[in-house]
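Visitor: sequence? don't have it. structure:
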């Protein structure tokens, strides 16, 4: 998420949200909440010299750094009602349930707010984890159609869009890519000025 162009005044939309990890992390980042603040027990609390009053003082400082973003818009959708139920439980545990709009729907039915410069972030199914890659071709093509048709102005080859940026990373032992697509209505091609014909 930190590698995206996350804009706190623009929507963050997470179709295929699964257990809600991306939407929850976006909410934590946007509001400057430290994930560990919800913990009540750390290993360092059990070592000699632990100063509980210093810990409480530092913890309160972090609490005061939490931001309240008035128009924060985070949307998370999934076709599975059980996934959304789990995502809501996870968001509640992270203290950000009220910041995320959850909805059960196919990703193509995800409502896209009209504000510009938002981030739409998929973590789609892929062959190594969830079956044969050939079975996913239609889903990836639908994702490309959804992005082109629903997000104007705001298996990568199957998406049929050219990424403007690629970031390589690993999900456990699986080699992954974060692909960024700039979406706009019409064409971005700029016609070159016509050179006059020599006389």
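Guide: Done, it's in. Fair warning: this is a prediction, and the values are worked out from it, not measured in the lab. Numbers count the residues shown, from 1 in each chain.

Visitor: ok, and the closest non-adjacent residue to residue 28?
Guide: By the measure of Cβ to Cβ, 6 or more residues apart in numbering, the closest residue to residue 28 outside its immediate chain neighbours is residue 35, 5.8 Å from it. C-beta: built from backbone N, CA, C; applies to glycine.

Visitor: and the pLDDT at that neighbour?
Guide: Model confidence at residue 35, expressed as pLDDT, equals 77.

Visitor: that one and residue 59, how far apart?
Guide: When distance is defined by Cβ to Cβ, to the nearest Å, residue 35 is 13 Å away from residue 59.

Visitor: kindly report the same for residue 96.
Guide: 18 Å.

Visitor: which of those two has more neighbours?
Guide: residue 96 (22 against 12; other Cβ atoms under 10 Å).

Visitor: was I right to think that one contacts residue 32?
Guide: No: using Cβ atoms under 8 Å, residue 96 makes no contact with residue 32, being 11.8 Å away.

Visitor: who's in contact with the residue most central in space within the chain?
Guide: Compute the mean C-alpha point of the chain, and by Cα atoms, centre = their mean the closest residue is residue 121, 4.1 Å away. Counting by Cβ atoms under 8 Å, 6 or more residues apart in numbering, residue 121 makes contact with 1, 4, 12-14, 22, 26.

Visitor: mind putting those into TSV with neighbour count, pLDDT and distance to residue 46?
Guide: Written out in TSV, the entries for these read as follows (neighbours: other Cβ atoms under 10 Å; pLDDT from 0 to 100; distance: Cβ to Cβ, whole Å):
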residue	neighbour count	pLDDT	distance to residue 46
1	17	83	32
4	16	78	38
12	27	92	38
13	27	92	42
14	29	94	37
22	22	94	33
26	26	94	33
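
Visitor: and those residues as TSV, adding secondary structure and distance to residue 112?
Guide: Conversion of these to TSV gives the following (DSSP: H, G, I helix; E, B strand; the rest coil; distance: Cβ to Cβ, whole Å):
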residue	secondary structure	distance to residue 112
1	coil	18
4	coil	16
12	strand	11
13	strand	6
14	strand	12
22	helix	16
26	helix	16
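
Visitor: what's the closest of these to residue 90?
Guide: Within those, proximity to residue 90 (Cβ to Cβ) peaks at residue 22, which comes in at 11.2 Å.

Visitor: now that closest one: how far from residue 2?
Guide: Applying Cβ to Cβ, the value for residue 22 to residue 2 is 12 Å.
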